[in-house]
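Asker: Can you look at this prediction? I've put the sequence above it.
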Amino acid sequence: MARITAGVATSHVPAIGAAIDNQKTGTDYWRPLFAGYEASKQWMAAHTPDVVILVYNDHASAFSLDIVPTFAIGCADHYAPADEGWGARPVPTVQGHPELAAHVTQSVIEQNFDLTIVNRMDVDHGLTVPLSLLFGQPKAWPVKVIPLAVNVLLYPPPSGRRCFELGKAIRRAVESFDEDLSVQIWGTGGMSHQLQGARAGLINSPWDNAFLDRLIEDPEGLSRVPHLEYLREAGSEAIELVMWLIMRGALHDRVAVRHRFYHVPASNTAVGHLVLENAP
Amino acid sequence: MKKPYTEIPGTTIFDMDQARKGYYLNQFCMSLMKAENRERFKADESAYLQEWPMTPEQRLGVIARDFNRLISLGGNIFFLAKIFSTDGKSVQQAVCTMTGMTQEQYAHMMSNGGRPPAAG
């Protein structure tokens, strides 16, 4: 039987990808950020799963305004890095897991989550920056990936509650897959940031750290926080954080924290990062 | 419909009404994901913009790189990012232009913990 062995949360700032791709990780600006991922990379090397279900948002790369799916699951066998306006990132093609993706899709839809099915798409920094942060610069990614794209660009995104419940449905789906597979689920995006208007550059570290605390200890309560609070307290783009609740919903009620990191800034954004395992 | 998020200062939430206003503006931005379109746009911006049924105001906003204006006219920052990426500018270089700060002032603010929430 397949099982979800761990959850990872991380921000997915494009400038982080650019720093990696342009060999700038050792500069004074970037060194503290990448140092915060060293322990996780070591943990990951010892706990590399077969498959990562990677919850992220597309940033107007695969999805224009022609079609805006709220939840879209990738069922393809591979995904090319997207050209976001400056050429595609020089990272490996992402290999999918079509069999598990098909199973999860069928199971989750039967649990009343009406996913959009994607059989071809390119994946942008939202998906590839987390892979780079946790795996560095390999010739090929060491895991297969099932992309789960969530609309957080066009308001309203799905509620935190809906995301948390979807995570639970994904766990049930994975656990009913016959093949013996180790699966991680990653939630990406956030933390506080605002990329537009006179209030751009907003960072709310106390709010972010309270979010991290509650994601660990009280995800049920956190899932009831309304969108307005994210927007007002942590900036218009902080609403990406609802995606972390999908990851958290797929884990058990009690989790063990293997790593926690928080850093300001990466470009315009507060970076948060957690590695969680189900508590024994 | 009540929209309490419209009362957040210095902030425009890209909702259904904004998306409706900005549909062609944002779709024009999407077209810049193709290298050949970026070249054509750079060669003659006005001519390229005429190919899209945008409002004259939206076209002027693009040419002026007035991102606050474009956001008020229905643009979304992740779509508008295709414009400043085409210009070879980073997100921070583009975002700071909306705040009335110089790039240096903005970068300094970010390196010192960002804009505090109380400052609104």
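Answerer: That came through fine.
Asker: mind listing the helices for chain A?
Answerer: A:14-21, A:31-35, A:38-46, A:98-110, A:125-135, A:160-175, A:205-217, A:219-222, A:227-234, A:242-249 (DSSP state H).
Asker: and the angle from the first one to helix A:125-135?
Answerer: Going by axes from the mean of the first three to the mean of the last three Cα atoms, to 10 degrees, helix A:14-21 is angled at 50 degrees with respect to helix A:125-135.
Asker: Check the last one too.
Answerer: Direction vectors for helix A:242-249 and helix A:125-135, defined by the same axes, to 10 degrees, enclose an angle of 50 degrees.
Asker: swap in the fourth one?
Answerer: For helix A:98-110 against helix A:125-135, the angle between stretch directions is 120 degrees (the same axes, to 10 degrees).
Asker: tell me which residues in helix A:98-110 are buried?
Answerer: Across helix A:98-110, burial judged by 16 or more other Cβ atoms under 10 Å in any protein chain shown covers A:Pro98, A:Glu99, A:Leu100, A:Ala101, A:His103, A:Val104, A:Thr105, A:Ser107, A:Val108. Where you see a C-beta, it was placed from the backbone N, CA and C, and this is true even at glycine.
Asker: who's in contact with the second one?
Answerer: Applying Cβ atoms under 8 Å, 6 or more residues apart in numbering or on different chains, we find A:Glu99 in contact with A:Glu179.
Asker: how about 10 Å then?
Answerer: Shown in contact with A:Glu99 (Cβ atoms under 10 Å, 6 or more residues apart in numbering or on different chains): A:Val51, A:Cys75, A:Asp77, A:Lys144, A:Phe177, A:Asp178, A:Glu179, A:Leu181.
Asker: Would you check how far apart the second one and A:Arg260 are?
Answerer: According to Cβ to Cβ, to the nearest Å, A:Cys75 and A:Arg260 sit 33 Å apart.
Asker: the more surrounded of the two?
Answerer: A:Cys75 (22 against 18; other Cβ atoms under 10 Å in any protein chain shown).
Asker: Which residues are in contact with the spatially closest residue to the more buried one that is not a sequence neighbour?
Answerer: Excluding its sequence neighbours, the residue lying closest to A:Cys75 (Cβ to Cβ, 6 or more residues apart in numbering or on different chains) is A:Ala101, at 4.3 Å. Applying Cβ under 10 Å, 6+ apart, we find A:Ala101 in contact with A:51, A:53, A:73-77, A:117-119, A:144-148.
Asker: Sort out for me which of the residues you listed are in strands.
Answerer: With strands taken from DSSP state E, the overlap with those comprises A:Val51, A:Ile53, A:Ile73, A:Gly74, A:Ile117, A:Val118, A:Lys144, A:Val145, A:Ile146, A:Pro147, A:Leu148.
Asker: unless I'm mixing things up, the fifth one is touching A:Pro147, no?
Answerer: No: using Cβ atoms under 10 Å, A:Ile117 is not in contact with A:Pro147, being 11.7 Å away.
Asker: Next, show the common contact partners of the two.
Answerer: A:Ala72, A:Ile73, A:Gly74, A:Cys75, A:Ala76, A:Ala101.
Asker: Please verify my assumption that the second one contacts A:Asp114.
Answerer: In this case it means A:Ile73. No: A:Ile73 lies out of contact with A:Asp114 (Cβ under 10 Å); the separation is 11.0 Å.
Asker: Between those two, which is the more surrounded one?
Answerer: For A:Ile73 versus A:Asp114, neighbours defined as other Cβ under 10 Å are more numerous around A:Ile73 (22 against 9).
Asker: Which residues does the more buried one form beta bridges with?
Answerer: A:Ile117, A:Leu148 (DSSP bridges).
Asker: Now do the same contact list for A:Asn111.
Answerer: Not quite, residue A:111 is Gln, not Asn. With Cβ under 10 Å, 6+ apart, A:Gln111 has these contacts: A:Glu165, A:Leu166, A:Lys168, A:Ala169, A:Ile170, A:Arg172, A:Ala173.
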